[in-house]
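Peer 1: this one's sequence-less:
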């Protein structure tokens, strides 16, 4: 049918331009790229890469080792060596004035129109998501930085007349930027022959280009850190941000961070993670869909942890509810802002802690299998076209929700799960359903869309990811090789 990866196609050959010694830009020159990729930004990026890249790789190796332990039957647990951190009274640094009292949060891509709408809501916080809501083409990442640059300076003015009529021309939301995770590279910038960490690229460009303009507004660079899997990874962020502040002559703690608990292992180390970032952390949040994906991925070899249909994995399921409660409780105890409406006022009981590892109840249905196939293929096709958010069948799909679909399909086939109609979910059955869903998509979108462009590559890649014996840690890693 869709078969081999050899026909997936290749991204266009990169444009190479040398800048300072050891710094190579492989992305094509774009409007404003010279402005944003300033000598100051590239020098700081090179300095941070040379100082921290080996440590980042060690932490990624440690992730792989912990996954092997989970595959062998171990379970996550709290760290006995951190008892003192959990039992000692310590608090976060005070919340910045412009983040206080904001209850509504909007998350979306760093697109100009989205920023225009969100930043005119005075009571909200807008999170410009450079990972799960963004397809990291070179053009998209430069455009995102340009849009953030203009938003900080109030240059995104499409809605100004509308805001004035409403009497709110001075209203501005607080802006938080969520960089890509530690696992992702930015292949368009190489230092001493190696791709830089995408996380460093995102943060350095945003901070260097905007810290002075933010200070003039009595604000500062605010970041949302996600995909953390250990307190050591949080400590790496702390050291990177300290080094950045030193290089820019900023007081320590100027750059503030919101911490996202969106992996299973982070749920067991959230106090240690918060402690590592205590002088700059402002908030602790729970990320639902990324957490569901992490749960499925972490226990992929364990049939007792197979998830039901995606529609059954609601926030009230014990493993999600207990994590949200623990996040809220930890935030309140340590003086950080909290976001969870499920936060408990009393300590989370021991049973609730055990619920962190309790697989949700619910059925696996043929319609659930079809949904995963439909979402996975269409989202991956959109991502390869450069779109990070996809409205589909009344829902907004992003990388996290697509990852859940991919992981569920892999698990269901791997463990020979039986659906509610009594039929096993086998590779043959999934392949048959995939063909039917592709026919349905073909009828909806037309033959030209399905047979040309990136749709064939997306379909082949998604099939490969769910059928192969080895579980790919993130679908964005092989998919990124196909992006310009």
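Peer 2: That came through, no problem. In this text, all values refer to a predicted model and were calculated from it rather than measured experimentally.
Peer 1: Just the helices from the stretch 151-300 of the chain, written as ranges.
Peer 2: Assigned by DSSP state H, counting those that start in this stretch, the helices in the stretch 151-300 of the chain fall at 160-165, 198-216, 231-248, 264-267, 270-276, 288-298.
Peer 1: Tell me the spacing between the spatially closest residue to residue 402 that is not a sequence neighbour and residue 185.
Peer 2: Setting aside the residues directly before and after it, residue 402 is nearest to residue 379 in space (C-beta to C-beta, 6 or more residues apart in numbering), at 4.0 Å. Any C-beta I mention is one placed from the backbone N, CA and C, and that applies to glycine too. Noted for residue 379: a distance of 21 Å to residue 185, by C-beta to C-beta, to the nearest Å.
Peer 1: pLDDT below threshold where in the chain?
Peer 2: Counting by pLDDT under 70, the chain contains low-confidence residues at 1-20, 122-123, 156-171, 338-353, 451-452.
Peer 1: Please parse it into its domains.
Peer 2: For the chain, the structural domains run 20-76+93-286, 362-480, going by automatic domain parsing.
Peer 1: Number of residues surrounding residue 252?
Peer 2: Neighbours of residue 252 under the rule other C-beta atoms under 10 Å: 12.
Peer 1: that older thread, the domains of the chain into CSV, with extra columns for distance to residue 292?
Peer 2: Shown next, in CSV, are these (distance: least, C-beta to C-beta, whole Å):
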stretch, distance to residue 292
domain 20-76+93-286, 9
domain 362-480, 5
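Peer 1: How far off centre is the helix ranked longest in the chain?
Peer 2: Looking across the chain with DSSP state H, the single longest helix is helix 39-71. Here the centre of helix 39-71 is set off from its chain's centre by 17 Å, with C-alpha atoms, centre = their mean, to the nearest Å.
Peer 1: now the angle between helix 288-298 and that helix, please.
Peer 2: 50 degrees (axes from the mean of the first three to the mean of the last three C-alpha atoms, to 10 degrees).
Peer 1: after helix 39-71, next one along is what?
Peer 2: Note on helix 39-71: by DSSP states H and E, the next helix or strand toward the C-terminus is helix 83-87.
Peer 1: Touching that following helix from outside, list them.
Peer 2: Here helix 83-87 makes contact (C-beta atoms under 8 Å, 6 or more residues apart in numbering) with 78, 271-272, 275.
Peer 1: which of residue 379 and residue 185 has more neighbours?
Peer 2: Neighbours per residue, other C-beta under 10 Å: of residue 379 and residue 185, the larger number sits with residue 379, 26 against 18.
Peer 1: would the more buried one count as being in a strand?
Peer 2: No - counting by DSSP: H, G, I helix; E, B strand; the rest coil, residue 379 is located in no strand; its state is helix.
Peer 1: let's number from 480 now, not from 1
Peer 2: Shifting the count to begin at 480 puts that one at residue 858.
Peer 1: ok so, going back, mind checking which of the domains of the chain is nearest residue 813?
Peer 2: Residue 813 sits nearest to domain 499-555+572-765 of all the domains of the chain, at 5.7 Å, using C-beta to C-beta.
Peer 1: List the contacts of the closest residue in space to residue 657 that isn't next to it in sequence.
Peer 2: Nearest residue to residue 657, sequence neighbours excluded (C-beta to C-beta, 6+ apart): residue 703, at 3.9 Å. By C-beta under 8 Å, 6+ apart, residue 703 lies in contact with 606, 608, 655-657, 736-739, 764.
Peer 1: Of those, which belong to strands?
Peer 2: 606, 608, 655-657, 736-739, 764 (DSSP state E).
Peer 1: Now the buried members of those residues.
Peer 2: Neighbour-count burial (16 or more other C-beta atoms under 10 Å) applied to these gives 606, 608, 655-657, 736-739, 764.
Peer 1: Residue 934 versus residue 573, what's the distance?
Peer 2: From residue 573 over to residue 934 the distance is 51 Å, taken as C-beta to C-beta.
Peer 1: quick one, which of these two is more surrounded?
Peer 2: Neighbours around residue 573 and residue 934, counted as other C-beta under 10 Å, are more numerous at residue 934. The numbers are 23 against 9.
Peer 1: ok, the more buried one - contacts?
Peer 2: Residue 934 touches 860, 928, counting by C-beta under 8 Å, 6+ apart.
Peer 1: where exactly do the strands run in the protein?
Peer 2: Counting by DSSP E, the chain has strands at residues 496-497, 502-504, 583-587, 603-608, 653-657, 664-670, 673-676, 701-704, 735-740, 760-765, 816-817, 869-871, 874-876.
Peer 1: Go ahead and confirm residue 586 touches residue 610.
Peer 2: No - using C-beta atoms under 8 Å, residue 586 is not in contact with residue 610; the gap is 10.7 Å.
Peer 1: Which one's more surrounded, these two?
Peer 2: Set residue 586 next to residue 610 and count neighbours by other C-beta under 10 Å: residue 610 wins out with 23 against 19.
Peer 1: distance of the more buried one from residue 564?
Peer 2: The spacing between residue 610 and residue 564, counted by C-beta to C-beta, is 28 Å.
Peer 1: Please apply the same query to residue 745.
Peer 2: When distance is defined by C-beta to C-beta, residue 745 is 15 Å away from residue 564.
Peer 1: can you check residue 632 too?
Peer 2: In this view, residue 632 and residue 564 are 40 Å apart by C-beta to C-beta.
Peer 1: Verify the stated contact: residue 521 with residue 502.
Peer 2: Yes - with contact defined as C-beta under 8 Å, residue 521 and residue 502 form a contacting pair (5.4 Å).
Peer 1: what do these two both touch?
Peer 2: Common neighbours of residue 521 and residue 502 (C-beta under 8 Å, 6+ apart) are residue 668.
Peer 1: Just grab the bridge partners of the residue nearest to residue 657 for me.
Peer 2: Here residue 703 sits in beta bridges with residue 737, going by DSSP bridges.
Peer 1: angle of the longest helix of the chain against helix 677-695?
Peer 2: 130 degrees.
Peer 1: For helix 518-550, name the packing helices and strands.
Peer 2: If contacts are counted by 3 or more C-beta pairs under 8 Å, 6 or more residues apart in numbering; DSSP states H and E, helix 518-550 sits against strand 502-504, strand 664-670, strand 673-676, helix 677-695, helix 710-727.
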